[in-house]
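>>> can you look at this prediction? I've put the sequence above it.
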Amino acid sequence: MPIKIQDALPAREILENENIFVMTEYRAMHQDIRPLSLLMLNLMPTKIVTETQFLRKLSNTPLQVDVAFLHMATHTATHVDATHLNTFYLTFEQIKKKKYDGMIITGAPLDFVAFEDVDYWDELQEIMEWTKTHVHCTLHSCWGSFAGLYYHYGIQKRDHVPKLSGIYSHHIVKKNSPLFRGFDDVFYAPHSRATEILAGQIQAIPELELMAVSDEAGVAIAKSTDSRQFFITCHPEYDSDTLKLEYERDLEKGMDPLLPVHYFPDDDPRKAPIVNWRSTGQLLISNWLNYYVYQSTPYEL
């Protein structure tokens with residue numbers, strides 16, 4: 001997919017060097033089609049890394065997508081330059097009258113924090129309520145999934161100690177779902193979280209359906225029965241070294257983290273991980289965008 005982003009966004013050069021088709025604003029203006037309008041609420045402190053990871057996964061269909069970035073006005077970001085936010089990000093006040101084909105709400109490093117204690121929780125609740133009428137289909141990622149399930153359905157997250165970190169195998173519950181077209185019978189994806197929900201919590205809500213689970217990591221994917229809300233607790237967008245960098249960061253902090261499972265060859269952190277989830281990530285995001293956004297969104301938003 002030609003992803004339409006601002007010309008100066010740092011992710012542009014990274015993606016172009018990976019031979020990913022990135023369409024600049026200038027070129028997009030000369031195509032007589034309506035691109036899909038996608039909003040990404042980036043809650044991660046490492047904003048540029050997360051932007052690049054998701055844009056990479058949004059790049060694999062023939063669709064043109066116009067991506068806008070949103071940040072929380074009620075939270076002061078400390079891990080990204082203010083110039084980057086001011087240049088490339090919008091606030092909810094600036095976009096709340098607009099409508100979007102799709103939206104991604106990312107994770108956040110808030111595992112052990114109660115939702116009500118998050119400094120931007122009131123603003124996030126307002127945004128999630130707004131998605132019901134202004135976004136055709138919303139994809140929640142990791143902590144964003146737990147926040148969405150709590151807000152929309154009252155499902156309370158549970159602590160998972162020790163932290164889940166590694167590459168886990170998953171099996172598909174809804175094998176005839178378009179979300180899994182092209183998937184193998186078993187697929188792999190990274191998890192990095194100290195939070196969980198149980199399959200029974202999903203199955204107890206008639207408006208939700210369980211889509212994919214892992215014997216080791218538990219619930220991986222769920223969605224609303226009307227296909228307007230998706231909840232993904234794994235990280236198919238992760239780079240090859242993301243878990244490695246997280247592990248080294250926690251070591252430096254003296255947190256004594258467990259080695260990520262099924263990740264380093266021979267469990268040796270000196271050896272480079274072998275990626276076995278890249279194609280899963282591409283298929284998952286492409287299928288979501290194609291079958292649940294593009295195929296069903298109204299032409300006139």
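Okay, I see it.

>>> what sits against Ala73?
Contacts here follow Cβ atoms under 8 Å, 6 or more residues apart in numbering; on that basis Ala73 touches Thr91, Phe92, Glu93, Glu123. C-beta here means a position set from N, CA and C on the backbone, and glycine is covered the same way.

>>> that one and Tyr294: what is the separation?
Distance, Ala73 to Tyr294, by Cβ to Cβ, to the nearest Å: 30 Å.

>>> repeat that for Asn276.
28 Å.

>>> who has more neighbours, those two?
Comparing Asn276 with Tyr294 by other Cβ atoms under 10 Å, the one with more neighbours is Tyr294, at 19 against 14.

>>> and the host helix or strand of Glu126, how far out from the chain's middle?
Secondary-structure assignment from DSSP states H and E places Glu126 in helix 121-134. Using Cα atoms, centre = their mean, to the nearest Å, the mean C-alpha position of helix 121-134 is found 17 Å from that of the whole chain.

>>> other SSEs contacting that helix?
With contacts defined as 3 or more Cβ pairs under 8 Å, 6 or more residues apart in numbering; DSSP states H and E, helix 121-134 has these neighbours: helix 92-95, strand 100-105, helix 143-153.

>>> just put the ones you listed in a markdown table and tack on mean neighbour count, mean pLDDT and distance to Leu85.
Below are the helices and strands packed on helix 121-134 laid out as a markdown table (neighbours: other Cβ atoms under 10 Å; pLDDT from 0 to 100; distance: least, Cβ to Cβ, whole Å):
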| stretch | mean neighbour count | mean pLDDT | distance to Leu85 |
| --- | --- | --- | --- |
| helix 92-95 | 13 | 97 | 12 |
| strand 100-105 | 25 | 98 | 17 |
| helix 143-153 | 22 | 98 | 19 |
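
>>> in a markdown table: these, plus distance to Tyr299.
Compiled in a markdown table, the helices and strands packed on helix 121-134 are given as follows (distance: least, Cβ to Cβ, whole Å):
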| stretch | distance to Tyr299 |
| --- | --- |
| helix 92-95 | 20 |
| strand 100-105 | 10 |
| helix 143-153 | 27 |
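
>>> so which of these comes closest to Met40?
strand 100-105 (4.7 Å; Cβ to Cβ).

>>> what about Thr297, how many neighbours?
18.

>>> scratch that, Asn17
For Asn17, using other Cβ under 10 Å, the count is 8.

>>> low-confidence ranges in the stretch 151-300 of the chain?
Of all residues in the stretch 151-300 of the chain, none has pLDDT under 70.

>>> switch the cut-off to 90
Residue ranges of the stretch 151-300 of the chain with pLDDT under 90: 253-256, 295-300.

>>> remind me, longest strand of this structure?
In the chain, taking DSSP state E as the definition, the longest strand is strand 158-172.

>>> how far is the next helix or strand after that one from where the chain is centred?
Under the assignment DSSP H and E, the closest C-terminal helix or strand after strand 158-172 is strand 186-196. Centroid separation for strand 186-196 versus its chain: 13 Å, with Cα atoms, centre = their mean.

>>> kindly format the C-alpha coordinates of strand 186-196 as PDB.
Extracted in PDB, the C-alpha atoms of strand 186-196 (Å, rounded to 0.1, in the frame of the first residue of the first chain):
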ATOM      1  CA  VAL A 186       0.000 -22.100  14.000                       C
ATOM      2  CA  PHE A 187       1.300 -18.600  14.000                       C
ATOM      3  CA  TYR A 188       3.900 -16.900  16.100                       C
ATOM      4  CA  ALA A 189       4.000 -13.400  17.600                       C
ATOM      5  CA  PRO A 190       5.800 -11.500  20.300                       C
ATOM      6  CA  HIS A 191       4.200 -10.700  23.700                       C
ATOM      7  CA  SER A 192       5.600  -8.200  26.100                       C
ATOM      8  CA  ARG A 193       3.300  -7.500  29.000                       C
ATOM      9  CA  ALA A 194       2.600  -8.000  32.700                       C
ATOM     10  CA  THR A 195      -1.100  -7.900  32.200                       C
ATOM     11  CA  GLU A 196      -3.700 -10.400  31.000                       C
END
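
>>> what residues does the next helix or strand after that strand touch?
Using DSSP H and E, the next helix or strand after strand 186-196 towards the C-terminus is helix 199-203. With contact meaning Cβ under 8 Å, 6+ apart, helix 199-203 is reached by Ile155, Leu208, Glu209, Leu210, Val213, Gly218, Val219, Ala222.

>>> what is the nearest of these to Leu38?
Taking these together and measuring to Leu38 by Cβ to Cβ, the closest member is Ala222, at 21.2 Å.

>>> count of neighbours near that closest one?
30.

>>> so what's it bridging to?
In this entry, Ala222 is beta-bridged to Leu210, Phe231, by DSSP bridges.
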